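J.: sequence-free structure coming up:
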């Protein structure tokens, strides 16, 4: 068992704090500003939750190489899932009005009236609600900011994964 470096601890802590902040902001916008999340937003939240849980596991499992490698790999996978869903949302937001899909009845209806597999498929596909831009900061929509954040999480995951691989390779040689 090798002790986790300060840089790795700082990176995992940054991931955890960032994810908590992003989710906190999302819930603030939902419950204070009444900005209801679309299906793709809900899916992105699941990927943020995964990223946060993985960061917490990595912080608790400091010094365990397999925990660190698994956590970094899972962070990369969650970030890629987030990139795909946020990318889909950004794509929908930039479609011409006549090509935007029709709005669906909402997640609650899907959960009550459709099989789970179809509901999950609809969550990843999105609908017309996902094309609405209701919030902009510095010229970017919430979906675009989410895409930027997921790219950042992926890069941190890659850095942590490679750092752990490199350190262990050097020690073995």
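T.: Structure's in. What do you need? For clarity, every value in this text was computed on a predicted model and none was experimentally measured.
J.: Just the residues contacting stretch 48-62, thanks.
T.: Residues outside stretch 48-62 that contact it (C-beta atoms under 8 Å, 6 or more residues apart in numbering) are 3-4, 8-9, 12-13, 15-16, 19-20, 22-23, 26, 67-68, 71-72, 74-75, 78-79, 81-82, 153, 160. In this view, the C-beta of every residue, glycine as well, is placed from N, C-alpha and C.
J.: Show me where this structure has its helices.
T.: 6-31, 39-60, 65-93, 107-113, 116-125, 142-172 (DSSP state H).
J.: Could you point out which of those helices sits nearest residue 133?
T.: helix 65-93 (5.5 Å; C-beta to C-beta).
J.: and the angle for that closest one with helix 6-31?
T.: Helix 65-93 and helix 6-31 are oriented at 40 degrees to each other (axes from the mean of the first three to the mean of the last three C-alpha atoms, to 10 degrees).
J.: buried sites along helix 65-93?
T.: Using 16 or more other C-beta atoms under 10 Å as the test for burial, helix 65-93 gives 65, 67-90, 92-93.
J.: still on that earlier bit, make JSON lines from the helices of the chain and add distance to residue 136 and mean pLDDT to it.
T.: Converted to JSON lines, these look like this (distance: least, C-beta to C-beta, whole Å; pLDDT from 0 to 100):
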{"stretch": "helix 6-31", "distance to residue 136": "12", "mean pLDDT": "93"}
{"stretch": "helix 39-60", "distance to residue 136": "15", "mean pLDDT": "93"}
{"stretch": "helix 65-93", "distance to residue 136": "11", "mean pLDDT": "91"}
{"stretch": "helix 107-113", "distance to residue 136": "24", "mean pLDDT": "67"}
{"stretch": "helix 116-125", "distance to residue 136": "24", "mean pLDDT": "67"}
{"stretch": "helix 142-172", "distance to residue 136": "8", "mean pLDDT": "84"}
